[in-house]
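>>> From the sequence below, what's the structure:
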Amino acid sequence: MASSPRAAPVDLPTPTTGATAASSGHRRAHRRLSRENPRWGYLRIVGELKKLGIAVSKGSVANVLRRNGLPPAPRRAGPTWNEFLRAQAKGVLATDFFTVDSVLLRRYYVLFVIEVERRVVHLLGVTTNPDNLWV
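Numbering: from 1, shown residues only. As a prediction, this is how the structure comes out:
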């Protein structure tokens, strides 16, 4: 068997993004943007760096900031879940079924709606045979 000739080594270009390309200048830019704009998150910093011609990933920005003791941007102020529900209660309705078994061993299906704000229950219908038209 004849041995095949070895291919000539290929000179690959140096990556322009990622961990191997993160120069100290880029890391300084990450830190500077995050310190000067404390409400910016990782994606915003990535976007601003892209405008400056620096292509980096969200993960690399997060790693650089974490290594330098800079936490992610604080959560935007907003209502808690309970505050949100109270504010939206006027338009929130809850609907459900329940069953009632009678003395004569018949099962009745009951459809009802609750107005969350006023806590009022509305009976929409009762049937022994729920089908698509009834629901």
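
>>> Do you have the helices of the protein handy? List them.
For the chain, the helices defined by DSSP state H cover 24-36, 42-51, 58-67, 81-88.

>>> possible to save those as CSV with mean neighbour count?
(Glycine included, C-beta is placed from N, CA and C.) Below are the helices of the chain laid out as CSV (neighbours: other C-beta atoms under 10 Å):
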stretch, mean neighbour count
helix 24-36, 15
helix 42-51, 16
helix 58-67, 17
helix 81-88, 10
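
>>> between those, which one is nearest to R118?
helix 81-88 (13.0 Å; C-beta to C-beta).

>>> what's that closest one in contact with?
P79, V92, V116 (C-beta atoms under 8 Å, 6 or more residues apart in numbering).

>>> Mind doing that once more with 10 Å?
Under the contact criterion C-beta atoms under 10 Å, 6 or more residues apart in numbering, helix 81-88 has outside partners G78, P79, T80, V92, V116, E117.

>>> hmm, back to that, name the stretch from the helices of the chain where average model confidence is lowest.
Mean pLDDT is lowest for helix 24-36 among the helices of the chain, at a mean of 76.

>>> Reformat the helices of the chain as a markdown table; add distance to A73.
Listed next are the helices of the chain as a markdown table, based on distance: least, C-beta to C-beta, whole Å:
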| stretch | distance to A73 |
| --- | --- |
| helix 24-36 | 8 |
| helix 42-51 | 8 |
| helix 58-67 | 10 |
| helix 81-88 | 21 |
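
>>> re earlier: which of the contacts of helix 81-88 fall in strands?
Judged by DSSP state E, those include no members of strands.

>>> neighbour-wise, which of the residues you listed leads?
Each of those was scored for neighbours by other C-beta atoms under 10 Å, and V116 scores highest at 15 neighbours.
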